[in-house]
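Student: A predicted structure for the sequence below; I have some questions about it.
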Amino acid sequence: MTGLSTETGPVTLILTRHVRPGSEAAFDDLLHRLASAATGFPGHLGVQILRPEPASGAPYTIVVRFASQPELDAWTGSDIRRALLAEADRLTLDNLVIQSLSGLEGWVRLPGANVVIPPPRWKVALVTWAAILPVIEVLSIVLIPSLGAWPWYARPVALTAVMIPLMTWVVMPAATRLAGPFLYPSR
């Protein structure tokens, strides 16, 4: 599990498993033991378990958060986790599916949703491109001419100091709402 991310800051993994019919109670107990074990590791920020509706055929979804990639790696490489996952293999129909959230996917979320399985990266890239293109155009018309006298190394600092907050708190939330049906077609 090492090397999923080189970013600093919190790391989120989304794990899914389909449980064998009749093994739900044993799997719930196992998830409780896994969550309790994870709590004892440095950097643990929480575990959230989404149980499927009975007889829906949907998988369990488990969201695990750690403060950093090295702390997550310590948990994912631990003997206790390895032993509990081996036990889970006997209670499930499929292999563990693991998704890791990257920086851009953190921008793209459903309003009010507790857990998001991110859309495919190509969709995130397309929405990000469509959102950032007009921002770059506007900033190049409005901001860049006033920075002409600034040293070459200070211009990108000023430009990104405006662009990043604008993208994070204004443009991407609006783009995510507008592109919701494209990003999350099943919702």
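Tutor: Right, received. Where do you want to start? Numbering: from 1, shown residues only.
Student: This protein: strands as residue ranges?
Tutor: 11-17, 44-50, 60-66, 97-100 (DSSP state E).
Student: Could you give me the buried positions within the last one?
Tutor: When burial is assessed from 16 or more other CB atoms under 10 Å, strand 97-100 yields the following buried residues: Ser100. Any C-beta I mention is one placed from the backbone N, CA and C, and that applies to glycine too.
Student: Pairing partners for that strand, with directions?
Tutor: According to DSSP bridges, strand 97-100 forms sheet pairs with strand 11-17 (antiparallel).
Student: now do the second one
Tutor: Looking at strand 44-50 with DSSP bridges, its paired strands and their directions are strand 60-66 (antiparallel).
Student: got a list of contacts for the strand it pairs with?
Tutor: Strand 60-66 is contacted from outside by 10-19, 27, 31, 34, 38, 41, 43-52, 72, 75, 115, 117, using CB atoms under 8 Å, 6 or more residues apart in numbering.
Student: From the residues you listed, keep the buried residues only.
Tutor: 10-17, 19, 27, 31, 34, 38, 41, 43-44, 47, 49, 51, 72, 75.
Student: quick one, domains of this structure?
Tutor: With domains defined by automatic domain parsing, the chain comprises 11-101, 121-183.
Student: In TSV: the ones you listed, plus mean pLDDT.
Tutor: What follows is the domains of the chain, written out as TSV (pLDDT from 0 to 100):
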stretch	mean pLDDT
domain 11-101	88
domain 121-183	89
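Student: which one of the ones you listed is the most hemmed in?
Tutor: Mean neighbours per residue, mean count of other CB atoms under 10 Å, is largest over the domains of the chain for domain 11-101, with a mean of 16.
Student: Now do that domain: distance to the chain's middle.
Tutor: Here the centre of domain 11-101 is set off from its chain's centre by 15 Å, with CA atoms, centre = their mean, to the nearest Å.
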